[in-house]
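[1] structure for this input, please:
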Amino acid sequence: MLKKFACINDARPRRRQPRHLGLLCAFGLAFQPSLALAQAPSQAPTAPAPAVNINASLLIDGMRFYDAARYPDAITSFSRAIDLLNAGDPQQRDLLARAYEYRARARYVVKDTVGTELDFTLLLRLRPDYQPAAEMSPRVLATFVDVKKKVVGEMSLRLSPPGELIVDGVSYTVGSEPLIMPVVAGEHTVAAKRRAYAPVEQKILVVAGETVPVAITLERTSATFIVRTAPEGVEVLFDGVPKGVTVKGTDRPDVSAPLVIQDLAKGTYVTRYQRECYRPLERPLEITQFADSELLEPIRLDPSVAKVTLRMSEPNATIYVDGVSKGSNAAEVTNVCEGEHLIDVRSPRGRFIDRRFWRTGDVETLNVVLRPAFAIVVNVPPAGVSATEFRNLVERGLAGARGALIFTPTEEELNAARRPDELSAEFFHGTSTAAALRRSETGDRVAARLGAQGIVAIESGGRPDSVQMTLLAAGSSEPEVLTFDLNDQTSRANAVTALTTDVPTILRLSIDALVVDVASVPGAVVVRATQGSGLVPGDVIVDVAGTSVTSVAELMARLNGQQGQSVPVTVRSAAGGATRSVSLVPRLVPDTIPLADRHLLYNGLLLRLAEALRETRTPVDATAARLNLAIVQMRLGRWGEAAGNLEQLRLPDGPGVSAGTVAYLLGLCYDAVGRRADAVASYTTASKSADSMLSLKGPRTAALAQEKLQLAGAPR
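    Next up is the predicted model:
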């Protein structure tokens, strides 16, 4: 069996490798002998070997023939390898040069002098710097040297300052000593390119057997400036033109790596060094000559920050600074850079916004109280006032409203929120059913995209400083309008009051009787009483548990806190002035907001009642919040949602706000959405509840329901 050769690089004793194998090992190639000289055992077909391995195999065959003194066969194998090897491939080029050498040597042995000289000529044209094998005979070597004198010359290359030279497209590094380069005789291109220097290109004629000196001196055409900064990340500008940003250094943790600014002409520059949250620094720089200059000390910038503390009323709210989320941890926001910043705190129930210019050294504590937020999405300023100025005037004028936050989103937020839904002033003012439906759906979508609880349109009110502001809460289809004068303090205060008004009382203390104050009558006069309460109309309550009372307010104050307990009261009858003792059991019961009251801003109440419902702790609190939320929804045209809330209520039948009240309100909702049969059924139920009231002060819902049934032509 034929033994396979491989390149062996370890230091163990071994038999001397064949000369040709060691030669190819120098090129990083392993060898498997050609089948032309031996027969290997049969084996399964393998994938074709790369071309370089096939060609190397031909070269090895030729070298084996050469070692065996079979020179004609060696010449044939070397010729085949030469035809197949690619001179453009660096690895194959080295093999090709070796093939030329050995074919020349084989031809010399067979006395083919012309062929020998031709091969050496081709070899040197391929590799002018070629060094023949050490074992080449002196006579063959003499022929090689003679041919080299006829084919190859030299260039002695110098470059000032030292750097890179490009000879015939190939780069070489030239230091302080000249670079001696063998080249084929003829014309060659020598070029030098270096930043801040004028490029040079020369044609050099090299004569065979001679050394041509080539000295190139580059002319400096610009200067460079090298700077380090502390800290890193500083932008450097020359006369306002950015020249780069310093990066983190490796030598010192507090100083940047050097920034090299190139291509500078002679002259005087204003250099500026700036980084966010640091005071910018400007310095003059004069360039008088084309050279490399470097500052010995780094440019140091001083921090420029203000201190801010956020006191959060809602721990899970998300904090944004200039539109970038900082999470919900207030400790993450302690420093702000000098300049104008927007601190924005958001939650599903409202927002807090602080927009101001912070100066270095400012120390502020912001009490973050969230308010229902209305985003300005339509802005129609008066003549002569820009949209930005108009928005800012309105925002500042209404900043004191505790019940609502009027704000403008960023342009990016606003464009993204409005893109799918075109909004205009007409969107807010349309009166048709279709307009109300569009407002309901679109208003909810836009508010949600903006992270707000409602949207707003601000328009000129017709007079120079008059503002007409239209509010639409998420969940409403009926907007409300506030008109005020920006330059009238009283007018602005009235608008702030309207936005600030709290939810009217929706839970009241009840003693199963309606009592009122009557002039010149000390005490609380009973005008209506539930059967079994111990009171009759005309009675006057004058004492609670031994303490006299002179008005309804005093009576309720004495009873407050005693809900569910039996409390003795003294009652004077209207007839003869005699007194008697009665035990009352005060309790909290729901009361209702009017369905229409020009002093109430229902879009604001909608948001506050929805929040109150989420935060209720007792069943009676939940009942009162849900009942009044339904009433506000009715007022704002969301009849379906109102019916859904009313259907969840289970009030007892009886006096005051009770089951009959809910039935009547449900009848109104069913009427509005076209459920006529359900409306009649609800009105019928309400008409049978004799003592139920629309509110604790009336009117009776039975009478109201009977009127609705008469209009519907339904039997009572």
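
[2] what's near enough to touch residue 458?
    By Cβ atoms under 8 Å, 6 or more residues apart in numbering, the contact list for residue 458 reads 376, 378-380, 390-391, 394, 467-470. The C-beta positions use only the backbone N, C-alpha and C, and glycine is treated the same way.

[3] tally of neighbours for the closest residue to residue 673 other than its chain neighbours?
    The shortest distance from residue 673 to any non-neighbouring residue, by Cβ to Cβ, 6 or more residues apart in numbering, is to residue 639 (5.1 Å). Residue neighbour count, defined by other Cβ atoms under 10 Å, stands at 20 for residue 639.

[4] tell me if residue 344 really is in a strand.
    Yes: using DSSP: H, G, I helix; E, B strand; the rest coil, the assignment for residue 344 is a strand.

[5] these two touch, right, it and residue 350?
    No: if you go by Cβ atoms under 8 Å, residue 344 and residue 350 don't touch, sitting 11.5 Å apart.

[6] can you check the pLDDT for residue 141?
    At residue 141, the model reports a pLDDT of 95.

[7] close enough to count as contact, it and residue 134?
    No: in this structure residue 141 lies outside contact range of residue 134 using Cβ under 8 Å: 9.9 Å.

[8] those two: which is more packed in?
    Set residue 141 next to residue 134 and count neighbours by other Cβ under 10 Å: residue 141 wins out with 14 against 6.

[9] distance check, residue 596 against residue 632.
    Note on residue 596: its distance to residue 632, by Cβ to Cβ, to the nearest Å, is 11 Å.

[10] between those two, who's got more neighbours?
    Taking neighbours as other Cβ under 10 Å, residue 596 and residue 632 compare with residue 632 leading, 27 against 9.

[11] quick one on the thing from earlier: if any of the contacts of residue 458 are buried, put those into a PyMOL selection.
    Provided next is the PyMOL selection string for whichever of those are buried by 16 or more other Cβ atoms under 10 Å:
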select buried, resi 376+378+379+390+391+394+467+468+469+470
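
[12] now, which of the contacts of residue 458 lie within strands?
    Counted as lying in strands by DSSP state E, out of the contacts of residue 458, are 376, 378-380, 467-470.

[13] could you dump the residues you listed into CSV with pLDDT added?
    Shown next, in CSV, are the ones in strands among the contacts of residue 458 (pLDDT from 0 to 100):
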residue, pLDDT
376, 94
378, 92
379, 92
380, 91
467, 94
468, 94
469, 95
470, 95
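
[14] tell me the domain ranges of the chain?
    19-40+49-136, 152-217, 223-300, 305-368, 373-500, 507-589, 593-712 (automatic domain parsing).

[15] so which of those comes closest to residue 146?
    Nearest of those to residue 146, taken as Cβ to Cβ: domain 19-40+49-136 at 8.0 Å.

[16] looking only at pLDDT, what's the mean for the closest one?
    If you average the pLDDT over domain 19-40+49-136, you get 80.

[17] then stretch 180-196?
    The average pLDDT for stretch 180-196 rounds to 94.

[18] all strands for the stretch 51-200 of the chain, in order.
    In the stretch 51-200 of the chain, the strands defined using DSSP state E, counting those that start in this stretch lie at 152-160, 163-167, 170-174, 179-184, 186-192, 200-206.

[19] quick one, the second one and strand 170-174 angle?
    Read that as strand 163-167. If you take axes from the mean of the first three to the mean of the last three Cα atoms, to 10 degrees, strand 163-167 sits at 140 degrees to strand 170-174.

[20] so what strands line up beside strand 163-167?
    Applying DSSP bridges, strand 163-167 is found paired with strand 170-174 (antiparallel), strand 186-192 (antiparallel).

[21] pick the most deeply packed of these.
    Highest mean neighbour count among those (mean count of other Cβ atoms under 10 Å): strand 186-192, with a mean of 16.

[22] now do it: distance to the chain's middle.
    Put simply, strand 186-192 sits 55 Å off its chain's centre (Cα atoms, centre = their mean, to the nearest Å).

[23] next: stretch 409-419.
    Here stretch 409-419 is found 15 Å from its chain centre; the criterion is Cα atoms, centre = their mean.

[24] got a list of what residue 321 touches?
    Shown in contact with residue 321 (Cβ under 8 Å, 6+ apart): 333, 336, 341-344.

[25] out of those, which are buried?
    Among these, those buried by neighbour count (16+ other Cβ under 10 Å) are 333, 336, 341, 343-344.

[26] gap between residue 140 and residue 113?
    For residue 140, the distance to residue 113 - Cβ to Cβ - is 11 Å.

[27] the two: who's more crowded?
    residue 140 (19 against 11).

[28] the more buried one touches residue 105, doesn't it?
    Yes: with contact defined as Cβ under 8 Å, residue 140 reaches residue 105; the gap is 5.5 Å.

[29] anything in contact with each of these two?
    residue 116.

[30] just checking, residue 424 touches residue 378?
    Yes: assessed by Cβ under 8 Å, residue 424 is found in contact with residue 378 at 6.4 Å.

[31] how near is the residue minimising distance to the centre of the chain to residue 341?
    Centroid-nearest residue in the chain, with Cα atoms, centre = their mean: residue 324, separated by 6.9 Å. Using Cβ to Cβ, we find residue 324 at a distance of 11 Å from residue 341.

[32] how about residue 630?
    Distance of residue 630 to residue 341, computed by Cβ to Cβ: 42 Å.

[33] and what of residue 498?
    Remark: distance between residue 498 and residue 341 (Cβ to Cβ) = 30 Å.

[34] same check, this time on residue 208
    Distance from residue 208 to residue 341, by Cβ to Cβ: 77 Å.

[35] max-length helix in the protein?
    helix 90-109 (DSSP state H).

[36] quick one: contacts of it?
    Contacts of helix 90-109 (Cβ under 8 Å, 6+ apart): 23-24, 27-28, 52, 55-56, 59, 62-63, 66, 71, 74-75, 78-79, 81-82, 85-87, 113, 115-117, 119-120, 122-123, 126-127, 130, 132-133, 136-137, 139-140, 143-144.

[37] list the contacts of the residue located most distally from the centre of the chain.
    Here the chain reaches farthest from its C-alpha mean at residue 111, the gap being 81.8 Å by Cα atoms, centre = their mean. By Cβ under 8 Å, 6+ apart, no residues touch residue 111.

[38] how much space between the nearest residue to residue 590 once chain neighbours are set aside and residue 694?
    Once flanking residues are discounted, residue 590 sits nearest to residue 624: 3.9 Å by Cβ to Cβ, 6+ apart. From residue 624 across to residue 694, the span is 15 Å (Cβ to Cβ).

[39] which of these two has more neighbours?
    Using other Cβ under 10 Å as the criterion, residue 624 and residue 694 rank with residue 624 on top: 26 against 21.

[40] summarise which helices and strands the helix or strand hosting that one is packed against.
    Using DSSP states H and E, residue 624 sits within helix 619-635. Applying 3 or more Cβ pairs under 8 Å, 6 or more residues apart in numbering; DSSP states H and E, we find helix 619-635 packed against strand 507-510, strand 587-590, helix 602-615, helix 639-647, helix 659-672.
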